[in-house]
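# structure for the following, please:
(one chain, ligands or ions: 1)
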Amino acid sequence: MKEDPVSRMHTAEHLLNLTMVRMFDCGRCVSEHLNRKKSKWTTPLNAIPFSQERESG
Ligand SMILES: [Zn+2]
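Residues are numbered from 1 along each chain as shown. Next up, the predicted model:
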């Protein structure tokens, strides 16, 4: 299977979405733009990340 840069970026988007959903229990990204040199990623979160750990720890 030939992997062109576009399909590899597409795979990266899937992995990043999955990671964000698992870590932060949030939805999928609302805006993403992955490029080799510069990328942007926007995912609305339900809560401030890691704030619970800080408060209890
Ligand atoms: Zn896909």
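# can you give me the strands in the chain?
31-33, 40-42 (DSSP state E).
# got the contact list for the last one?
By C-beta atoms under 8 Å, 6 or more residues apart in numbering, the list of residues contacting strand 40-42 from outside reads L16, C29, V30, S31, E32, H33, L34. From N, CA and C alone the C-beta is placed, and that goes for glycine too.
# redo that, cut-off 10 Å
E13, L16, N17, M20, C29, V30, S31, E32, H33, L34 (C-beta atoms under 10 Å, 6 or more residues apart in numbering).
# what does the first one give?
Residues from elsewhere that reach strand 31-33, judged by C-beta under 10 Å, 6+ apart: M9, A12, E13, L16, N17, S39, K40, W41, T42, T43, P44.
# what is the nearest of these to F24?
F24 has its nearest neighbour among the contacts of strand 31-33 in T43, at 7.6 Å by C-beta to C-beta.
# going along the chain, name the helices of the protein.
Secondary structure of the chain (DSSP state H): helices located at 5-24, 51-56.
# can you tell me the centre-most residue of the chain?
Residue closest to the mean C-alpha point of the chain, counted by C-alpha atoms, centre = their mean, is L16 at 3.6 Å.
# run through the residues that contact T43.
T43 is in contact with L16, N17, M20, V21, F24, C26, G27, R28, C29, V30, S31, E32, counting by C-beta under 10 Å, 6+ apart.
# quick one on the thing from earlier: which stretch in the strands of the chain has the least confidence?
Lowest mean pLDDT within these: strand 31-33, at a mean of 89.
# quick one: find the helix or strand in this protein with the lowest mean pLDDT.
The least trusted helix or strand in the chain, going by mean pLDDT, DSSP states H and E, turns out to be helix 51-56, with a mean of 61.
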